[in-house]
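In: Dropping a prediction and its sequence here:
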Amino acid sequence: MINIYTISQRLIKHEGLRLQPYRCSKGKLTIGVGRCLDTNPITAEESKVVGDWQHGITRCAAIYLLNNDIKRIYFGLKQNIEFFKDLDSERQYALIDMAFNLGIGGLLKFRKMLLALRKKDYQTAAKECLNSNYAKEVKSRAQTIANTIETGEFKS
């Protein structure tokens, strides 16, 4: 896996960082770096660090939540995609980024893309990534992720 700092910097670029709670484009309560509080509420342990998030959080608290989200997604992908550990670090990142945006359940709906990845057919996997509502919604982000899947190199 590429280091958590690199992943967090890329996700900050894709998601942005907001220290006040807000409603995302889908109307979900969100804070920090795309932390959807409706589907991924702050845990009791996180609350000890974050404090009263309703009135905003610090940048350090946002990074703390982000790092927890990255770890949760990474281990969730290892658990749900048996070949995930066999992918190179950049293709692992591409799936982490997609799961961060869609949730692991949403990523698992990309059956054709995942099948192509399993077969190391990266060109087909990239096409399947772009042949989706996800790609229509996040446009350049999806193009970056599809290119990463196809080439094994991240270029923003």
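Out: Alright, I've got the coordinates. Numbers count the residues shown, from 1 in each chain.
In: so where do the helices sit in the protein?
Out: Along the chain, the stretches classed as helices by DSSP state H are 4-15, 44-50, 59-80, 89-108, 111-118, 122-130, 133-138, 140-151.
In: Might you report the residue contacts of residue 81?
Out: Taking C-beta atoms under 8 Å, 6 or more residues apart in numbering, we find residue 81 in contact with 95, 108, 114. Heads up, the C-betas are built off the backbone N, CA and C, glycines and all.
In: of these, buried ones?
Out: Among these, those classed as buried by 16 or more other C-beta atoms under 10 Å are 95, 114.
In: could the contacts of residue 81 go into TSV alongside pLDDT and distance to residue 49?
Out: Shown next, in TSV, are the contacts of residue 81 (pLDDT from 0 to 100; distance: C-beta to C-beta, whole Å):
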residue	pLDDT	distance to residue 49
95	98	27
108	98	30
114	98	34
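In: count of residues packed around the residue lying closest to residue 145 once chain neighbours are set aside?
Out: In space, and not counting its chain neighbours, residue 145 is closest to residue 94: 4.9 Å by C-beta to C-beta, 6 or more residues apart in numbering. Using other C-beta atoms under 10 Å, the number of residues around residue 94 comes to 26.
In: remind me which residues of this protein are low pLDDT?
Out: Within the chain, the segments meeting pLDDT under 70 span 1.
In: hmm, try it at 80
Out: 1-2 (pLDDT under 80).
In: center of it - which residue?
Out: Residue closest to the average C-alpha location in the chain (C-alpha atoms, centre = their mean): residue 100, at 2.2 Å.
In: May I see the buried residues of the longest strand seen in the chain?
Out: What stands out as the longest strand in the chain, according to DSSP state E, is strand 18-23. By neighbour count on 16+ other C-beta under 10 Å, the buried set for strand 18-23 is 18, 21.
In: contacting residues around that strand?
Out: By C-beta under 8 Å, 6+ apart, the list of residues contacting strand 18-23 from outside reads 29-32, 37, 53-54, 56-59, 62.
In: can you redo the contacts of residue 81 as JSON lines with distance to residue 48?
Out: JSON lines is the format used below for those (distance: C-beta to C-beta, whole Å):
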{"residue": "95", "distance to residue 48": "30"}
{"residue": "108", "distance to residue 48": "32"}
{"residue": "114", "distance to residue 48": "37"}
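In: Residue 79: which of the contacts of residue 81 is nearest?
Out: For these, the residue nearest residue 79 by C-beta to C-beta is residue 108; the value is 11.1 Å.
In: Kind regards, and thank you for your time.
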